[in-house]
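In: coordinates only, sequence not included:
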């Protein structure tokens, strides 16, 4: 079977809710990333055989197949199709897996995988809230209710369950959040995000240009202190998690160009990385966020590797208990985890986070001269994707 290579990676800097990316229609924002991947790789736009984009809230401005809409807003020809993926927070990581599977099978030679989410213009939970308000029902079917009687699936409840089950106290969560900001601050000041961040112009709320470029992740708190983080109100009374120890609401887009050997030969470029392993696992949907732990263990076993073989890991910081429980259970090295900060500092643009983390992982491996990287993230419904790459 053919190999899958990543030859270009790009992401926007994260934008706060109502912040510097709020003036962008999400399809146009995704189109900016698509065009950047074409420019970075030098590929003939007509040679792109598909565009697969992750997006969680596929309603309103993100409805009607945003991947195809992003293609039509880009410089790609109309002949390039597009399809949208919803695996919740793992949507664009799954887009990468689908793209890799396509080129490895030989059915395609060059595919763009990415994701986009405007959490300003399409707020979280909108796909559930709008139909409920209109009396159109809920995603919870009678069959689901019989299997999980009286259960209200909630990521917030799941985060508290993990913290309690793994004995992770609030002070530990607060310190982890501060470290996320510190690492993101250091990476920003040292210019370590420069090669992965695509500068985009800040637009006014009416869509007009401002003349200013957005190049720095807006969620980073450069003045973060442990005292400030510790003082944030608990999400649930008697709980351990706060907004300061959870991922930030974020606008953003990201993407990767994935090719096989034929695509690589046609481009004549050196690949950034090779896909070494990819898998996905379902787990308990009630605790919901624990899936990265068994998914990683299974992925390493299938890949014939140990956690010590991995040089860097990106574990999405949906809530601080998730990466902390992952570290604890797998015996992983904290110094290798989210080395440039995570979603607590940088933001979590839902459907865009998978390829966003991969762009960061690829560049971090290159900057450190390291070989293997592993990426995983918890996903709504109790799932987790795992991707292992070899930096080339």
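Out: All right, it came through fine. If you're wondering where the values come from, they're calculated on a predicted model, not measured in any experiment. Residues are numbered from 1 along each chain as shown.
In: Do I have it right that residue 250 meets residue 219?
Out: Yes: counting by C-beta atoms under 8 Å, residue 250 does reach residue 219; the two are 6.2 Å apart. (Glycine included, C-beta is placed from N, CA and C.)
In: Give the residues shared as contacts by these two.
Out: Shared contacts of residue 250 and residue 219, defined by C-beta atoms under 8 Å, 6 or more residues apart in numbering, are found at 14, 16, 346, 347.
In: Of the residues you listed, which is the most crowded?
Out: Highest neighbour count within these: residue 346, with 33 neighbours (other C-beta atoms under 10 Å).
In: any idea how far it lies from residue 11?
Out: As judged by C-beta to C-beta, to the nearest Å, residue 346 and residue 11 stand 10 Å apart.
In: quick one: the residue lying closest to residue 159 once chain neighbours are set aside from residue 158, how far?
Out: Distance criterion C-beta to C-beta, 6 or more residues apart in numbering; nearest residue to residue 159, sequence neighbours excluded, is residue 319 at 3.7 Å. Going from residue 319 to residue 158 by C-beta to C-beta gives 8 Å.
In: out of those two, which sits in the busier spot?
Out: Neighbour tally, residue 319 and residue 158, criterion other C-beta under 10 Å: the higher count belongs to residue 319, 29 against 25.
In: Phi, psi for that one please.
Out: phi -140, psi 150 (degrees, to the nearest 10).
In: so what's residue 18 up against?
Out: Neighbouring residues of residue 18 by C-beta under 8 Å, 6+ apart: residue 120.
In: so it, which of the three states?
Out: coil (DSSP: H, G, I helix; E, B strand; the rest coil).
In: Could you tell me which residues touch both of residue 319 and residue 158?
Out: With C-beta under 8 Å, 6+ apart, residue 319 and residue 158 have common neighbours residue 289.
In: my guess is residue 247 contacts residue 350, does it?
Out: No: Residue 247 lies out of contact with residue 350 (C-beta under 8 Å); the separation is 9.2 Å.
In: Please identify which of these two sits among more neighbours.
Out: Of the pair residue 247 and residue 350, residue 350 is the one with more neighbours under other C-beta under 10 Å, namely 31 against 26.
In: and the gap between the more buried one and residue 42?
Out: According to C-beta to C-beta, residue 350 and residue 42 sit 31 Å apart.
In: Residue 21 now?
Out: Residue 21 is 27 Å from residue 42, where distance means C-beta to C-beta.
In: And for residue 188?
Out: Going from residue 188 to residue 42 by C-beta to C-beta gives 28 Å.
In: Give me the more crowded residue out of the two.
Out: When residue 188 and residue 42 are compared for neighbours, residue 188 comes out ahead with 22 against 11, by other C-beta under 10 Å.
In: Quick one: mean pLDDT over the helix or strand hosting residue 252.
Out: Following DSSP states H and E, the helix or strand that holds residue 252 is strand 251-259. The pLDDT scores in strand 251-259 average 98.
In: start at 473 instead
Out: Got it, first residue is 473 now, which makes that one strand 723-731.
In: and it, what other elements does it pack with?
Out: If you count contacts as 3 or more C-beta pairs under 8 Å, 6 or more residues apart in numbering; DSSP states H and E, strand 723-731 packs onto strand 477-483, helix 498-513, helix 563-577, strand 582-590, helix 825-840.
In: Just the angle for it relative to helix 498-513, thanks.
Out: Counting by axes from the mean of the first three to the mean of the last three C-alpha atoms, to 10 degrees, strand 723-731 lies at 40 degrees to helix 498-513.
In: What's the first helix or strand after strand 723-731?
Out: Sequence order places helix 733-739 as the next helix or strand after strand 723-731, per DSSP H and E.
In: List of residues touching that next one?
Out: With C-beta under 8 Å, 6+ apart as the test, helix 733-739 has contacts from 474-475, 477, 479, 513-515, 519, 575, 581-582, 731, 743.
In: which among those residues end up buried?
Out: When neighbours are counted using 16 or more other C-beta atoms under 10 Å, those contain these buried positions: 474, 475, 477, 479, 513, 515, 575, 581, 582, 731, 743.
In: Distance to residue 802 for the residues you listed - can I get that in CSV?
Out: CSV is the format used below for these (distance: C-beta to C-beta, whole Å):
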residue, distance to residue 802
474, 31
475, 27
477, 27
479, 30
513, 34
515, 37
575, 30
581, 36
582, 35
731, 32
743, 28
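In: Make sure residue 799 is indeed in a helix.
Out: Yes: assessed by three-state DSSP, residue 799 belongs to a helix.
In: Now do the same contact list for it.
Out: Counting by C-beta under 8 Å, 6+ apart, residue 799 makes contact with 806, 809.
In: cool, and the one 5 residues further on?
Out: Taking C-beta under 8 Å, 6+ apart as the contact definition, residue 804 lies against 779, 782, 785, 798.
In: before we move on, the earlier item: can you name the residues bridging to the residue nearest to residue 631?
Out: Note on residue 791: beta-bridge partners residue 718, judged by DSSP bridges.
In: and residue 670, how many residues sit next to it?
Out: Counted with other C-beta under 10 Å, the neighbours of residue 670 add up to 23.
In: Now do the same contact list for it.
Out: Contact analysis of residue 670 by C-beta under 8 Å, 6+ apart lists 482, 483, 484, 504, 505, 508.
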